[in-house]
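[1] I would like the atomic coordinates for the input below:
(2 chains)
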Protein chains: 2
Amino acid sequence: MINEHYKAMLGGKSVIRSLSEYATARGAEIGYDNVYDYSLGNPSVPCPPAYTDATMALYRDADPVALHGYSPSLGIPSVRKAIADSLDRRFGMDYTADHIFPTTGAAGALAHALRCVTAPGDEVITFAPYFPEYQPYVAGCGARLTVVPADTDTFQINFNAFEQAMNPAVTAVLINTPNNPSGAVYSAATLERLAAVLTAKQAEYGHDIFLISDEPYREIVFDGGTQPYPSRYYDNTLSCYSWSKSLSLPGERIGYVAVNPRATDAELIVPMCGQISRGTGHNCPASSVQLAVAQVVDMTSDLSVYETNMNLLYDALTGIGFDVVRPGGTFYIFPKALEDDATAFCMKAKEYDLILVPSDSFGVPGHFRMAYCIDTEKVKRSIPVLERFAHEVYGL
Amino acid sequence: MINEHYKAMLGGKSVIRSLSEYATARGAEIGYDNVYDYSLGNPSVPCPPAYTDATMALYRDADPVALHGYSPSLGIPSVRKAIADSLDRRFGMDYTADHIFPTTGAAGALAHALRCVTAPGDEVITFAPYFPEYQPYVAGCGARLTVVPADTDTFQINFNAFEQAMNPAVTAVLINTPNNPSGAVYSAATLERLAAVLTAKQAEYGHDIFLISDEPYREIVFDGGTQPYPSRYYDNTLSCYSWSKSLSLPGERIGYVAVNPRATDAELIVPMCGQISRGTGHNCPASSVQLAVAQVVDMTSDLSVYETNMNLLYDALTGIGFDVVRPGGTFYIFPKALEDDATAFCMKAKEYDLILVPSDSFGVPGHFRMAYCIDTEKVKRSIPVLERFAHEVYGL
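    Numbers count the residues shown, from 1 in each chain, chains lettered A, B, ... in the order given. Below you'll find the predicted structure:
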């Protein structure tokens, strides 16, 4: 019989997806160059040629039976080792291959990590603003998501609200830094304080609380900075990664879970991911993608365009009079809207062919997200349109 | 906190996987050529050169931003259309792209199809012998699997036992033809009778009963025969496919669910798959693999070696005195063991470096499975060893 639960979910359409579809339709009408589409977080720069070369060499030279054969259920050992070595080199960790579980992107990583450390009925805490897909990821485990209100002055963690929300049902805390949609990069001080709260609460409640750290934007940090590595601050950390953004490979579905070697039952968590896969039909990312990515594991695409675009937009928005926290990374910016109703604001912007995403589905009222993973030339052309919109509609 | 359910699953290791690991270790000791490893169903023939060429052309010529961009959540439209057109051409169906949901292999297909048409607490029926991973697939939906005993004379469906097992809690029936492990190809008569039972029971119970048809061996049929297409016989059918075997691409994780256009809520089932993906982190197979497979959608690897190997083994086994149903397809054969205890039999065979899989985990006692997706030369060399084993241990 048709499952009524999934059938009922068909009603709710993603706001981002709807806006993106509108932008495409409007582009067909007036020319896509004339639509300032800031809706979707699809990387705009190509993958490094070394990734293409690595794949073509595998297809040209490798034995196809071996290349396309079943990956072991926990991932290809040489790939797991290449990932562990890279993280150890870059972040001073001491992962071995046994702590790495290759996944189909960050979505696969989060689905496995959440199932490892929650049981049905548990509570998972995250912080606004947050990626809306955390709701189905957490619901898919039978757990429930509690969203801690944002600190809209900095988009670091609102610790007062966090400590009020903590309770013994919480078995996992989910963070995303650099953050979609705010662009905030959690500082070392934020991560230290977060670790201190979690350590104290573990002792108080007498059970583990895992930190699930969603890090697909880890390599997109501005002003020459870096993202402090969350797992360095708290042992019970599962780091979830995707190469979607850093190597511009979102469609290839490749990422991993990295288990801190000092986490509780650290040696069991990757084998548990293998068991979880059996029920969800996950069964590893594509073999050839695993093998190719392992060869470019320390590389990124040329990500500089995102910083160029951010600076252009930040200067323009503040010049116009927007209230906006300067992003430390990602390819998002999250200004305050010019009226309280973010959806009304974005609908008015649409009349100017400015496609902006209202903040409500990110758990924050009265803001909007711009995904500036688009050509710099288009960002520049959008600025006078933003100025005209703010002037004509809001008198700025 | 660590999830105790998944942790407890770590105890149970797959018999097939253990035997395969033993074979690899033994091969390191005495040379892999001297180990007659019939344990694993990993294709032994390369993918068609056209698949390699299609991938290399994509990597060489396509815009990398488009090639590696996000697949729409229901799959790439041109790929879905290519699959629908191929099935329509080959099986006289009338699928459109809207009825096709690309998945990460048959595992992904079954995980989605089962969730679409069962709810927690429902009962799913399958037929022995069956693929052991059906247990976690069904458990992952919160449903329970009932296994109907085998008709060991033919390995078609044991209809008396099936009709006894049917009850109003059954919302889905799961078949696998051509069958792993028996090699049986369900006949048109079997599929007609199955459809008649299901149609009658739908009327009697007043609810839909979906047929989930697992078909990764569809193109490996012997004696110039073909597999009658199950969805032609029963409207409420979800066909689950993988190119793992037909194109020798198990590691690339590529398959689909095809929804019969006359099924209940047919137009909703693929969008429901998209909703299910959000909770499991599935999010489509790799974009480049989707695009490359669509270009070779009607091809197969050179699968003739499997028929050659089957004939050699069938003749040898019957010559030795084994009781064996001749496979109609796949790359498996499923003879009766020479003693009641299949595990004891396979352990004794191991002393001869014959790696055979006992039948118990397939839901049938007293048989063993040989996966003959290995070199024909090795099959030939194994025959005198099989003869010696049967003679020395069982006096044949």
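[2] can you give me the helices in the stretch 201-350 of chain A?
    For the stretch 201-350 of chain A, helices defined by DSSP state H, counting those that start in this stretch occupy the ranges A:266-280, A:287-294, A:304-320, A:342-350.
[3] In CSV, list those along with distance to A:His391 and mean pLDDT.
    Every residue, glycine included, has its C-beta placed from N, CA and C. CSV is the format used below for the helices of the stretch 201-350 of chain A (distance: least, CB to CB, whole Å; pLDDT from 0 to 100):
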stretch, distance to A:His391, mean pLDDT
helix A:266-280, 51, 94
helix A:287-294, 47, 98
helix A:304-320, 8, 98
helix A:342-350, 13, 97
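[4] and among these, the most buried is which?
    Ranked by mean neighbour count, these are led by helix A:287-294 with a mean of 24 (mean count of other CB atoms under 10 Å in any protein chain shown).
[5] Alongside chain B, which residues does the stretch 101-250 of chain A contribute?
    Within the stretch 101-250 of chain A, the positions near chain B by CB under 8 Å from any CB of the partner chain are A:103-105, A:107-112, A:115-119, A:122, A:133, A:136-137, A:139-140, A:171, A:207-210, A:248-250.
[6] Which ones among those residues lie within helices?
    Counted as lying in helices by DSSP state H, out of these, are A:105, A:107-112, A:115-117, A:136-137, A:139.
[7] Among those residues, which one lies nearest to B:Glu21?
    A:His112 (23.1 Å; CB to CB).
[8] Could you find the closest non-adjacent residue to the closest one?
    Spatial nearest neighbour of A:His112, chain neighbours left out: A:Cys273 (4.5 Å); criterion: CB to CB, 6 or more residues apart in numbering or on different chains.
[9] And A:Asp341, by the same measure?
    Leaving aside its chain neighbours, A:Asp341 sits nearest to A:Gly366 (7.7 Å; criterion: CB to CB, 6+ apart).
[10] list the contacts for the one you found?
    A:Lys336, A:Ala337, A:Glu339, A:Asp340, A:Asp341, A:Ala342, A:Ser359 (CB atoms under 8 Å, 6 or more residues apart in numbering or on different chains).
[11] closest to chain B among the residues you listed?
    When the contacts of A:Gly366 are compared for distance to chain B (CB to the nearest CB), A:Ser359 comes out closest, at 20.6 Å.
[12] Would you confirm that the closest one contacts A:Pro129?
    Yes: look at A:Ser359 against A:Pro129 with CB atoms under 8 Å: they come within range, at 6.7 Å.
[13] Overlap of the contact sets of those two?
    Common contacts of A:Ser359 and A:Pro129 (CB under 8 Å, 6+ apart): A:Pro181, A:Phe334, A:His367.
[14] Which of those residues ranks first by neighbour count?
    Using other CB atoms under 10 Å in any protein chain shown as the neighbour criterion, A:Pro181 leads those with 30 neighbours.
[15] what are the phi and psi angles of that one?
    Backbone torsions of A:Pro181, given as degrees, to the nearest 10, read phi -110, psi 0.
[16] Tell me the spacing between it and B:Ala263.
    39 Å (CB to CB, to the nearest Å).
[17] same question, A:Ala66
    From A:Ala66 to B:Ala263 the distance is 39 Å (CB to CB).
[18] The two: who's more crowded?
    Using other CB under 10 Å as the criterion, A:Ala66 and B:Ala263 rank with B:Ala263 on top: 23 against 12.
[19] any idea how far A:Ala337 is from the nearest residue to the more buried one once chain neighbours are set aside?
    Nearest non-adjacent residue to B:Ala263, counting by CB to CB, 6+ apart: B:Asn236, 4.9 Å away. Distance check for B:Asn236 against A:Ala337: by CB to CB, it reads 48 Å.
[20] and those two? which has more neighbours close in?
    Between B:Asn236 and A:Ala337, B:Asn236 has the larger neighbour count (other CB under 10 Å), namely 26 against 23.
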